[in-house]
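1. got a predicted structure plus its sequence, pasted below:
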Amino acid sequence: MEFIQPATWADALAVQAELPAAAPLAGGTDLMVELNFAVRRPPALLDLTRISELRHWDIDGHQVRLGAGVTYSQVLTDLAGKLPGLALAARTVGSPQIRNRGTVGGNLGTASPAGDAHPPLLAAGAAVEIASIQGTRSVPVDQFFVGAKRNALQPGELIAAVRIPLPTGPEQFSKIGTRNAMVIAVAAFSLALHPDRQEVGTGIGSAGPTPRRARQAEKFLAAALADSGLWESRGGLPDTVAAEFGALVAAAAEPIDDVRGTAAYRRHGLSVMARRTLAWAWQDYQNQRR
Ligand SMILES: Cc1cc2nc3c(=O)[nH]c(=O)nc-3n(C[C@H](O)[C@H](O)[C@H](O)COP(=O)(O)OP(=O)(O)OC[C@H]3O[C@@H](n4cnc5c(N)ncnc54)[C@H](O)[C@@H]3O)c2cc1C
């Protein structure tokens with residue numbers, strides 16, 4: 001197997017164009033496991049770790065542009081205040097070693113339904129910046145996952161960055177696992193309140209072939225908050241609203257029974273996580289005014 005280590009982004013794109021079957025390598029925490037277990041045998045590895053711009057993030061207008069090689073540890077140290085939803089999810093990933101190596105771009109590359117970065121990116125309305133020698137295109141993250149462990153990348157394309165709108169309201173994340181660390185989610189849920197435009201964002205993980213939004217739940221909650229003037233008053237949230245939101249989130253999932261949990265348990269867990277994250281987010285929203 002060839003090992004190619006470009007020093008610049010332009011060189012990496014040129015290699016990927018010439019050898020589309022080369023496997024990009026970021027932290028290697030997914031890819032090396034697949035190689036070791038002979039799940040795949042690419043003709044070449046394209047090591048991206050020498051390309052310093054992939055490890056950088058910056059603020060571009062109202063968005064954070066997060067280079068594809070930014071690790072979970074960087075998210076935690078640099079961005080916990082700016083991107084609280086992603087940081088909450090990052091904190092639950094693997095162990096410190098995995099968080100030091102594993103990247104958000106690699107999570108998107110694998111596109112596992114259980115990827116923990118995906119629910120907060122969905123809830124925030126993020127977009128994936130995709131590059132090739134032809135140029136750059138942007139794909140909303142809810143269109144990026146096209147099947148189980150399949151993403152929207154075409155041959156010759158690489159993930160350059162992910163653009164995440166800076167939150168205007170609270171963000172929350174919750175994950176069910178069989179223990180508190182080093183665990184793939186049985187189910188996960190992210191919620192973002194967008195009071196600037198009176199909208200709600202959601203992201204469901206590990207409960208369908210792809211990570212997904214709960215669109216009906218988003219619409220219902222946004223309308224319920226608008227109809228009762230709660231976006232402005234920040235008054236108490238009726239239990240009936242939280243219960244219906246939870247039920248709609250569970251209904252949006254398409255879980256299966258597997259070794260980690262049953263479909264019924266996942267649906268139930270999602271309804272509980274949806275209600276809980278809503279209660280936490282609403283409390284944050286009420287506290288922000290004080
Ligand atoms: C012990 C252990 C625990 C883990 N725990 C968790 C967990 O709790 N939650 C979780 O979500 N994940 C977990 N993972 C999985 C893994 O750590 C994450 O998916 C991580 O985000 C992968 O990032 P990486 O940089 O290591 O990717 P890599 O392994 O380098 O790459 C992953 C995939 O993305 C592709 N890729 C990488 N960069 C690019 C790019 N710029 N453009 C296009 N394609 C690219 C690669 O070719 C590969 O297919 C765990 C893994 C291990 C080994």
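-> Sure, I can see it.
2. burial measure for Asn100, as a count.
-> Around Asn100 there are 14 other residues, counting by other C-beta atoms under 10 Å. Every residue, glycine included, has its C-beta placed from N, CA and C.
3. gap between the nearest residue to it once chain neighbours are set aside and the ligand?
-> Excluding its sequence neighbours, the residue lying closest to Asn100 (C-beta to C-beta, 6 or more residues apart in numbering) is Ser73, at 4.9 Å. Separation of Ser73 from the ligand (C-beta to the nearest ligand atom, to the nearest Å): 12 Å.
4. and Asp227, by the same measure?
-> Counting by C-beta to the nearest ligand atom, the gap from Asp227 to the ligand is 37 Å.
5. find the helix or strand that the nearest residue in space to Thr92 that is not next to it in sequence is a member of.
-> With sequence-adjacent residues excluded and distances taken as C-beta to C-beta, 6+ apart, Thr92 is closest to Lys175, at 5.1 Å. Assigned by DSSP states H and E, Lys175 falls within strand 171-176.
6. how distant is that strand from the center of its chain?
-> If you compare the mean C-alpha spot of strand 171-176 with that of the full chain, they lie 11 Å apart, counting by C-alpha atoms, centre = their mean, to the nearest Å.
7. neighbouring strands of it in the sheet, and parallel or not?
-> Based on DSSP bridges, the pairing partners of strand 171-176 within the sheet are strand 187-194 (antiparallel).
8. what about the partner strand, near the ligand?
-> No: residues of strand 187-194 are not located near the ligand by C-beta under 6 Å from any ligand atom, the shortest gap being 8.9 Å.
9. so how far is that strand off the chain centroid?
-> What separates the centre of strand 187-194 from the centre of its chain is 10 Å, taken as C-alpha atoms, centre = their mean.
10. do the same with stretch 238-253
-> Between the mean C-alpha point of stretch 238-253 and the mean C-alpha point of its chain there is a distance of 22 Å (C-alpha atoms, centre = their mean).
11. what's the answer for stretch 227-242, then?
-> Shown here is stretch 227-242, whose average C-alpha point lies 28 Å from the average C-alpha point of the whole chain (C-alpha atoms, centre = their mean).
12. cool, and stretch 72-90?
-> Relative to its chain's centre, stretch 72-90 lies at 12 Å (C-alpha atoms, centre = their mean).
13. cool, stretch 226-244 as well?
-> For stretch 226-244, the distance from its own C-alpha centre to the chain's C-alpha centre is 27 Å (C-alpha atoms, centre = their mean).
14. now it: buried residues?
-> Under the neighbour-count criterion of 16 or more other C-beta atoms under 10 Å, stretch 226-244 has Leu230, Trp231, Arg234, Leu237, Val241, Ala242, Glu244 buried.
15. three-state assignment of the fifth one?
-> To tie it back to what came earlier, the one meant is Val241. Secondary structure, DSSP: H, G, I helix; E, B strand; the rest coil: Val241 is helix.
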